[in-house]
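Trainee: Structure, please.
(one chain, ligands or ions: 1)
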Amino acid sequence: VATEARETTYGGAPPQAVSPHYDLSNDFYATWLDESMTYSCALWDDGARDETLESAQRRKLDYLAAAARARGARGVLDVGCGWGSMLRHLTGECGVERAVGLTLSAEQAEHVAATAGAAVEVAVENWADHDPGARYGAIVSAGAFEHFARLGMTREEKTAAYRQFFERCHEWLEPGSGMALQTIAKGEVQLDAQGMRDVVFLARHIFPKSDIPRLSEIATAAEGLFEVETVRNDRRHYVRTCAAWLERLEANSARAEAIVGAEAVDVYREYMRASIRQFDAGMAALLRIGLRRIEPAGGSR
Ligand SMILES: C[S@@+](CC[C@H](N)C(=O)[O-])C[C@H]1O[C@@H](n2cnc3c(N)ncnc32)[C@H](O)[C@@H]1O
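Mentor: Below is the predicted model of the structure:
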């Protein structure tokens with residue numbers, strides 16, 4: 001009997017277009033990220049002008065863990081775990097028994113395996129390939145959703161691609177449990193000429209083939225699967241985060257250039273400046289969304 005291969009429903013950016021950015025060099029990223037190697041927007045204390053990036057990243061990890069109600073959960077999934085800061089935070093600070101991280105980057109997975117304890121598992125795996133039969137008490141995802149739709153898709157196609165993701169998350173989660181999603185999104189301010197140049201630069205040099213969501217696309221895609229409990233647009237926190245990253249890159253530029261070359265460092269400088277302009281103008285948003293799994297009508301599975 002001929003068996004057909006399971007049809008892949010993944011509508012995100014091709015993994016081979018995503019992973020080179022994260023595989024560039026762990027040593028290079030260490031020259032400008034904070035010591036936990038968190039590569040997504042921090043959560044700053046607005047009242048403390050001299051707060052360190054380390055402290056603001058810790059606050060963000062805490063916030064997302066709380067929004068997902070991950071504290072004390074037996075198993076937590078981190079979709080797009082990067083260099084593992086959330087996985088270490090969950091098992092080290094939040095009493096989570098087992099934290100599973102997915103990344104498309106072999107370099108990142110190597111770092112996670114070397115720095116996290118026995119309670120952490122990491123896989124170089126697209127979320128769409130992760131076992132649908134796995135069960136988790138909470139899900140977190142920061143800075144990965146930006147890759148879950150392809151450049152050039154229509155609004156309907158994007159929403160359908162995001163819905164595949166939410167359907168799978170719904171399947172993975174225990175009844176009544178939660179999920180925290182952090183993602184860059186399109187802002188409410190129209191792109192001007194500089195904004196357009198910045199978007200083209202980012203698509204060409206930093207995140208090829210990926211398209212970021214609109215809040216309305218996320219809301220539509222999650223309808224009937226997840227209840228939205230909280231939404232924050234912290235775009236100004238990304239201005240501050242990128243400024244901190246740029247400052248560190250400048251302070252360590254000699255070392256960074258020795259690792260990846262002067263040209264690549266220039267590209268990253270421009271990437272930070274373009275991002276600062278986008279978030280500052282409101283052409284890009286930074287969403288942190290707390291979601292609760294909705295139980296199917298007629299009872300849980
Ligand atoms: C910007 S990094 C954020 C890392 C981490 N969450 C943090 O905040 O430091 C994006 C991560 O998403 C992962 N990623 C992107 N698309 C993915 C996919 N389809 N499946 C699994 N991981 C994915 C990348 O490999 C990378 O680890």
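Trainee: going forward, measure contacts between C-alpha atoms and count neighbours the same way
Mentor: Noted.
Trainee: Who does the lengthiest strand in the chain pair with, and is each partner parallel or antiparallel?
Mentor: Looking across the chain with DSSP state E, the single longest strand is strand 173-186. Counting by DSSP bridges, the strands paired with strand 173-186 are strand 136-142 (parallel), strand 284-293 (antiparallel).
Trainee: Let me know which of these is tucked in deepest.
Mentor: Compared across the strands paired with strand 173-186, strand 136-142 shows the largest average neighbour count, a mean of 26 (mean count of other CA atoms under 10 Å).
Trainee: near the ligand, anything from that strand?
Mentor: Yes. Residues of strand 136-142 contacting the ligand under CA under 6 Å from any ligand atom: 141-142.
Trainee: just how off-centre is that strand within its chain?
Mentor: Relative to its chain's centre, strand 136-142 lies at 11 Å (CA atoms, centre = their mean, to the nearest Å).
Trainee: re the thing from before, for the strands paired with strand 173-186, give me a markdown table that also has mean pLDDT.
Mentor: A markdown table is the format used below for the strands paired with strand 173-186 (pLDDT from 0 to 100):
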| stretch | mean pLDDT |
| --- | --- |
| strand 136-142 | 98 |
| strand 284-293 | 98 |
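Trainee: ok, back up a step: who touches the longest strand of the chain?
Mentor: 64-65, 67-70, 135-146, 212-215, 283-295, 300 (CA atoms under 8 Å, 6 or more residues apart in numbering).
Trainee: Report whether the following helix or strand past that strand contacts the ligand.
Mentor: Next helix or strand after strand 173-186 toward the C-terminus (DSSP states H and E): helix 193-205. No. Helix 193-205 lies apart from the ligand when judged by CA under 6 Å from any ligand atom; the minimum separation is 13.5 Å.
Trainee: what's the angle between helix 193-205 and strand 284-293?
Mentor: With axes from the mean of the first three to the mean of the last three CA atoms, to 10 degrees as the basis, helix 193-205 and strand 284-293 are set at 60 degrees to each other.
Trainee: What count of nearby residues applies to Gly47?
Mentor: Counted with other CA atoms under 10 Å, residues neighbouring Gly47 total 7.
Trainee: Any buried residues in stretch 24-31, and which?
Mentor: Neighbour-count burial for stretch 24-31, counted by 16 or more other CA atoms under 10 Å, picks out 24, 26, 28-31.
Trainee: and that stretch, what's its mean pLDDT?
Mentor: Regarding stretch 24-31, the rounded mean pLDDT is 98.
Trainee: returning to what we had before: off-centre distance for the longest strand of the chain?
Mentor: Distance, centroid of strand 173-186 to centroid of chain: 11 Å (CA atoms, centre = their mean).
Trainee: ok, it near the ligand or not?
Mentor: No. If you take CA under 6 Å from any ligand atom as the test, strand 173-186 misses the ligand, and the best it gets is 8.5 Å.
Trainee: Now that strand: average pLDDT?
Mentor: Strand 173-186 comes out at a mean pLDDT of 97.
Trainee: Can I get that strand as CSV, trimmed to CA atoms?
Mentor: Provided in CSV are the C-alpha atoms of strand 173-186 (Å, rounded to 0.1, in the frame of the first residue of the first chain):
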residue,chain,number,x,y,z
LEU,A,173,-1.2,22.8,25.1
GLU,A,174,-3.0,21.3,28.1
PRO,A,175,-6.6,22.5,28.5
GLY,A,176,-6.8,26.0,30.0
SER,A,177,-3.1,26.7,29.7
GLY,A,178,-1.4,29.7,28.2
MET,A,179,1.0,31.1,25.7
ALA,A,180,3.1,34.3,25.4
LEU,A,181,4.0,35.7,22.1
GLN,A,182,6.3,38.5,21.4
THR,A,183,6.8,39.7,17.8
ILE,A,184,7.6,42.7,15.7
ALA,A,185,4.6,43.9,13.8
LYS,A,186,3.7,46.5,11.2
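Trainee: Helices of the chain, residue ranges please.
Mentor: In the chain, the segments counted as helices under DSSP state H are 15-23, 26-30, 53-67, 85-93, 106-115, 155-172, 193-205, 215-222, 235-251, 253-260, 262-281.
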